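**Student:** after the sequence you'll find the predicted model.
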Amino acid sequence: MSVFIIRRLLQSVVVIWVMSLLVFGGVYLIGDPIDMLINPEADQEDIDAAIRALGLDKPITEQYWFFLINAVKGDLGSSFIFNEPALQLILARMPATMELAFAALFLSIVLGIPLGMWAGLHPNSLSGRSIMTGSILGFSLPSFWVGIMFIMFFAVVLGVLPSGGRGETTEFLGLQVSFLSWKGLSYILLPAINLALFKLSLVIRLSRAGTQEVIHQDYIKFARAKGISEKRVILVHVLKNIMIPVVTILGLEFGSVIAFAVVTETVFAWPGMGKLIIESIDQLDRPVIVAYLMIIVFMFIVINLVVDILYSVLDPRVRLQDVKA
């Protein structure tokens, strides 16, 4: 296992370096931040001073080298708008995004796996067909429209849930979280459901497909022939064997939940990283954009490593040394 992890870490260094080239070069081509920061009526002397102060007068190769050296030291640059370290700004917003992502993942697991297994065990029943129809809607409906409909129905018409914001937070392990109070839960419920819809539909379909494949295997028939209760057959033999593809998808999709929670955070005014990156793109705040994308790349790499390790826990036949990066 140690050899596998070391090999993956070395590969991760190369991936991060290549992505830093792509991200830095791509962001450099997006407009000129000076146009956003300087008054159009400012004279050329003030404009030149601002360009020098931000280091934008240097060639892109020199700017990238400067960024790379500082990134190794843990410095991803300072925001043009807030004049604060970009990493510090993002980390301040990260707990809100992570809380929302974990809430969406939790809903996807506790609802998606049981519903998918039920649809797989009863494929021709009304309930099974209804579950699959609902999963199709979860794939099809755009999240921004669903979010707006949630706000209209639950916040405006019924008035039972707040329309946006994070609400009351409680300190937990040094972080401010919402899920420890009923009022905080009321604020996180709608955005979490909205963010979880696509993942929930994905888990339902994976669980259903896995259940239908596993339920006809010889070891399931043998377990039933031995007189093992149907409940144990389902919860032990079937559930364990459908979890590998589900864990794979959930691991990768958790990274995408964090990276692409932008729409949900914008619709529900959730103060997370997604809302920050939208504001930074609007204001061409290059250091924040680059820092955000590099953090997302790092998260994907870590999540992929964790998923590969979980393979060996769920299925001993999977050998870590044989897993391709």
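**Tutor:** Yes, it's here.
**Student:** got a pLDDT number for Leu115?
**Tutor:** Leu115 is assigned a pLDDT of 92 by the prediction.
**Student:** ok, now which ones touch it?
**Tutor:** Ile131, Ile204, Ser207 (CB atoms under 8 Å, 6 or more residues apart in numbering). From N, CA and C alone the C-beta is placed, and that goes for glycine too.
**Student:** if you rank those by neighbours, which is first?
**Tutor:** Greatest neighbour count in the contacts of Leu115, by other CB atoms under 10 Å, goes to Ile204: 28 neighbours.
**Student:** name the element it belongs to?
**Tutor:** helix 182-214 (DSSP states H and E).
**Student:** heading C-terminal from that helix, find the next helix or strand.
**Tutor:** Past helix 182-214, the next helix or strand by DSSP H and E is helix 218-225.
**Student:** how about that following helix: buried residues?
**Tutor:** Ile220, Ala223 (16 or more other CB atoms under 10 Å).
**Student:** which residues in this protein form strands?
**Tutor:** For the chain, the strands defined by DSSP state E cover 170-172, 175-177.
**Student:** what packs against the last one?
**Tutor:** Contact analysis of strand 175-177 by 3 or more CB pairs under 8 Å, 6 or more residues apart in numbering; DSSP states H and E lists helix 86-121, strand 170-172 as its packing neighbours.
**Student:** kindly recompute the last result at 10 Å.
**Tutor:** Taking 3 or more CB pairs under 10 Å, 6 or more residues apart in numbering; DSSP states H and E as contact, the helices and strands that strand 175-177 lies on are helix 86-121, strand 170-172, helix 182-214.
**Student:** would you single out the least confident of the ones you listed?
**Tutor:** For the helices and strands packed on strand 175-177, mean pLDDT drops lowest on strand 170-172, to a mean of 79.
**Student:** paired strands for it, with orientation please.
**Tutor:** Strand 170-172 has the following sheet partners, assigned by DSSP bridges: strand 175-177 (antiparallel).
**Student:** what's next to the partner strand, contact-wise?
**Tutor:** 94-96, 98-99, 102, 166, 168-171, 184, 188 (CB atoms under 10 Å, 6 or more residues apart in numbering).
**Student:** and with 7 Å instead?
**Tutor:** Residues from elsewhere that reach strand 175-177, judged by CB atoms under 7 Å, 6 or more residues apart in numbering: Pro95, Glu99, Thr169, Thr170.
**Student:** tell me the confidence at the residue nearest to Ile51 when sequence neighbours are not counted?
**Tutor:** The shortest distance from Ile51 to any non-neighbouring residue, by CB to CB, 6 or more residues apart in numbering, is to Asp57 (5.0 Å). Note on Asp57: pLDDT of 74.
**Student:** ok, back up a step: and of the contacts of Leu115, the nearest to Leu276?
**Tutor:** Ile204 (31.9 Å; CB to CB).
**Student:** and that closest one, what does it touch?
**Tutor:** Per CB under 7 Å, 6+ apart, neighbours of Ile204: Gly112, Leu115, Gly116, Ala119, Ile131, Ser135.
**Student:** how about a cut-off of 10 Å?
**Tutor:** 108, 111-120, 131-132, 134-136, 138-139.
**Student:** sorry, back to before: for the contacts of strand 175-177, pick the one with the most neighbours.
**Tutor:** Counting neighbours by other CB under 10 Å, the top entry in these is Glu99, with 23 neighbours.
**Student:** count of residues packed around Phe67?
**Tutor:** Quick note: Phe67 (other CB under 10 Å) scores 22 neighbours.
**Student:** quick one: closest of the strands of the chain to Asp46.
**Tutor:** strand 175-177 (39.7 Å).
**Student:** avg pLDDT for the closest one?
**Tutor:** Strand 175-177 comes out at a mean pLDDT of 78.
**Student:** show me the shaky parts of the stretch 1-150 of the chain.
**Tutor:** 1-4, 29, 31-43 (pLDDT under 70).
**Student:** ok so, going back, in JSON lines, list the strands of the chain along with distance to Leu305.
**Tutor:** JSON lines is the format used below for those (distance: least, CB to CB, whole Å):
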{"stretch": "strand 170-172", "distance to Leu305": "26"}
{"stretch": "strand 175-177", "distance to Leu305": "24"}
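**Student:** out of those, which is the most enclosed?
**Tutor:** Most buried of the strands of the chain, by mean neighbour count (mean count of other CB atoms under 10 Å): strand 175-177, with a mean of 16.
**Student:** correct me if wrong: Val156 contacts Leu190.
**Tutor:** No - counting by CB atoms under 10 Å, Val156 sits too far from Leu190 to count as a contact (12.0 Å).
**Student:** the more surrounded of these two?
**Tutor:** Using other CB under 10 Å as the criterion, Val156 and Leu190 rank with Leu190 on top: 24 against 9.
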